[in-house]
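K.L.:
coordinates only, sequence not included:
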């Protein structure tokens, strides 16, 4: 793949397995939301809040994985393959320890923390039920993060599709059995959704281990050697990862705060927003696939010593991302009622959700450009700058949301216009840095 970095065709070859993997993975979110929407609006709202709280914590590990992926991509570009296994093994060390620590932290502190922010007692109780089960999968989730970092970093992304499909099949099946109590299984409601996700993540770990042992040249990458823990290697990875970990945490915490503000408006606006969140994540899938590819494309390009090719590569990814988004938007605005009805049969809820759906389809256009630019910044390994950009953007985003929702008490569709503010600043600041910043001198 000598010329993969300059070809639309090969950029697509790298991106489409990631997109398919994300599509299968997000079927889990769609299934959870659709099933819980038929249990009740309280469960629908609680799954949004508890899910965002969980993923706010999960992003700490995910950010470490992205930092590891950037380093693997750089080593892959340099053809320094033997160092890749060392990075992967130490990624396992760090994230397993982090996962166990987070497990105990969430178990003891989440009830106290969420009580301070959730107005509805019913939503609070349902959120705690969800988290009590969901947190058992955090170590599985972190192990999956490192496998993902390895395969994206070495530009072998098809396996992500296989893994995600397995996860989706397992999760959907268990959702049906455990949420509603079919075929003799206990009817567990929101707790069943959480258990299904945990088992699905564990199944994915097992698949990754077997696939890697069977299909990958373990000796080439020196995988699964598990040498004595070298703190210097962890620190080297953290030099890149810590800013991404904080960046993702800030981003998800901002979205968690966004939903906390909406929760103050009542259970109906929160239910609408959870449906929109699920649809939004599905519509974003092609963009996230190209975003992930951008990280490794930029890192591999710099590793090959082709710094002058970075901006042309980013521009080509933006073109593909924008085109895919236009196609997604056309389908969405053509069948909005059909899309929302997947999640609820309540006609009134469907009618109130559709205007918000139109708002987010417009925001997707900005997202398709801004997140690629932002991923380009991260891919250069200047992750401290990416964190600064994210922090400034989130601060502006949350200020706007608070003013619109709390001070001016606008409707739910106006509140969701905050997404436009977020993407304008995220993309604008990222573009300025890529054009004017001294990012090409970063050594990792």
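P.N.:
On my side now, so go ahead. Computed from a predicted structure; not experimentally measured.
K.L.:
Poorly predicted segments of this protein, please.
P.N.:
Low-confidence segments of the chain (pLDDT under 70): 1-6, 21-22, 24-29, 441-444.
K.L.:
so where's the longest helix in it?
P.N.:
helix 41-78 (DSSP state H).
K.L.:
Give the next helix or strand downstream of it.
P.N.:
helix 82-115 (DSSP states H and E).
K.L.:
what angle separates that following helix from helix 41-78?
P.N.:
160 degrees (axes from the mean of the first three to the mean of the last three Cα atoms, to 10 degrees).
K.L.:
How far off centre is helix 82-115?
P.N.:
Centre-to-centre, helix 82-115 and its host chain are 17 Å apart (Cα atoms, centre = their mean, to the nearest Å).
K.L.:
elements contacting it?
P.N.:
Other helices and strands packing on helix 82-115, by 3 or more Cβ pairs under 8 Å, 6 or more residues apart in numbering; DSSP states H and E, are helix 41-78, helix 121-134, helix 138-153, helix 218-221, helix 231-263. In this view, the C-beta of every residue, glycine as well, is placed from N, C-alpha and C.
K.L.:
out of those helices, which comes closest to residue 85?
P.N.:
Checking the helices and strands packed on helix 82-115 against residue 85 by Cβ to Cβ gives helix 218-221 as the closest, at 4.4 Å.
K.L.:
Okay, buried residues for the closest one please.
P.N.:
residue 221 (16 or more other Cβ atoms under 10 Å).
K.L.:
Buried residues of the helix or strand in which residue 325 is found, list them for me.
P.N.:
Assigned by DSSP H and E, residue 325 belongs to helix 310-334. Using 16+ other Cβ under 10 Å as the test for burial, helix 310-334 gives 310, 313-314, 316-322, 324-325, 328-329, 332.
K.L.:
ok, so of the residues you listed, who is nearest residue 180?
P.N.:
Of all the buried residues of helix 310-334, the one with the least separation from residue 180 (Cβ to Cβ) is residue 332, at 28.6 Å.
K.L.:
That closest one: what's it in contact with?
P.N.:
283, 339, 357, 361 (Cβ atoms under 8 Å, 6 or more residues apart in numbering).
K.L.:
got JSON lines for the residues you listed, with secondary structure too?
P.N.:
JSON lines is the format used below for those (DSSP: H, G, I helix; E, B strand; the rest coil):
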{"residue": "283", "secondary structure": "helix"}
{"residue": "339", "secondary structure": "helix"}
{"residue": "357", "secondary structure": "helix"}
{"residue": "361", "secondary structure": "helix"}
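K.L.:
Just name the closest of those residues to residue 192, please.
P.N.:
residue 339 (24.7 Å).
K.L.:
circling back: for the longest helix of the chain, the distance to its chain's centre please.
P.N.:
5 Å.
K.L.:
Pull the number of nearby residues for the nearest residue to residue 55 once chain neighbours are set aside.
P.N.:
Sequence neighbours aside, residue 252 is the residue nearest to residue 55 in space, at 5.6 Å (criterion: Cβ to Cβ, 6 or more residues apart in numbering). Around residue 252 there are 22 other residues, counting by other Cβ atoms under 10 Å.
K.L.:
shouldn't residue 252 be in contact with residue 51?
P.N.:
No: assessed by Cβ atoms under 8 Å, residue 252 is found out of contact with residue 51, at 10.4 Å.
K.L.:
returning to that earlier point: give me every residue that touches the residue nearest to residue 55.
P.N.:
Here residue 252 is in contact with 52, 55, 56, 59 (Cβ under 8 Å, 6+ apart).
K.L.:
Would you enumerate the residues in contact with the third one?
P.N.:
What that stands for is residue 56. Per Cβ under 8 Å, 6+ apart, neighbours of residue 56: 249, 252, 253, 255, 256.
K.L.:
So the spatially closest residue to it that is not a sequence neighbour versus residue 185, what's the distance?
P.N.:
Nearest-residue entry for residue 56: residue 252, 4.1 Å, with adjacent residues in sequence omitted and distances by Cβ to Cβ, 6+ apart. Distance of residue 252 to residue 185, computed by Cβ to Cβ, to the nearest Å: 32 Å.
K.L.:
again with residue 270
P.N.:
28 Å.
K.L.:
of the two, who's got more company?
P.N.:
More crowded of residue 270 and residue 185, by other Cβ under 10 Å: residue 270, with 27 against 14.
K.L.:
which non-adjacent residue is nearest the more buried one?
P.N.:
Among residues not flanking residue 270 along the chain, residue 45 sits closest, at 4.0 Å (Cβ to Cβ, 6+ apart).
K.L.:
which ones are touching that neighbour?
P.N.:
If you count contacts by Cβ under 8 Å, 6+ apart, then residue 45 has 120, 123, 126, 263, 267, 270, 271, 274 around it.
K.L.:
still on that earlier bit, tell me the spacing between the residue nearest to residue 55 and residue 219.
P.N.:
On the measure of Cβ to Cβ, residue 252 and residue 219 end up 38 Å apart.
K.L.:
same check, this time on residue 364
P.N.:
Where residue 219 is concerned, residue 364 sits at a distance of 44 Å (Cβ to Cβ).
K.L.:
so is residue 344 in a helix, a strand, or just coil?
P.N.:
Quick answer, by three-state DSSP: residue 344 is coil.
K.L.:
right, and it touches residue 350 too?
P.N.:
Yes: the pair residue 344 / residue 350 is scored as a contact, 6.3 Å apart, by Cβ under 8 Å.
K.L.:
mind listing what's buried in the helix or strand harbouring residue 196?
P.N.:
Counting by DSSP H and E, the element that carries residue 196 is helix 190-215. Residues of helix 190-215 classed as buried: 190-205, 207-208, 212 (neighbour count, 16+ other Cβ under 10 Å).
K.L.:
And for stretch 398-415?
P.N.:
Buried, per 16+ other Cβ under 10 Å, within stretch 398-415: 398, 400, 401, 404, 405, 412, 413, 415.
K.L.:
Quick one: residues contacting residue 54.
P.N.:
For residue 54, the contact set (Cβ under 8 Å, 6+ apart) comprises 106, 131, 134, 135.
K.L.:
between these, which has the most around it?
P.N.:
residue 134 (27 neighbours).
K.L.:
ok, the residue nearest to residue 224 when sequence neighbours are not counted - contacts?
P.N.:
Using Cβ to Cβ, 6+ apart and skipping the chain neighbours, the partner closest in space to residue 224 is residue 218 (6.2 Å). Applying Cβ under 8 Å, 6+ apart to residue 218 gives the contacts 85, 212, 224.
K.L.:
between these, which is closest to residue 37?
P.N.:
Using Cβ to Cβ, the contacts of residue 218 come closest to residue 37 at residue 212, 37.2 Å.
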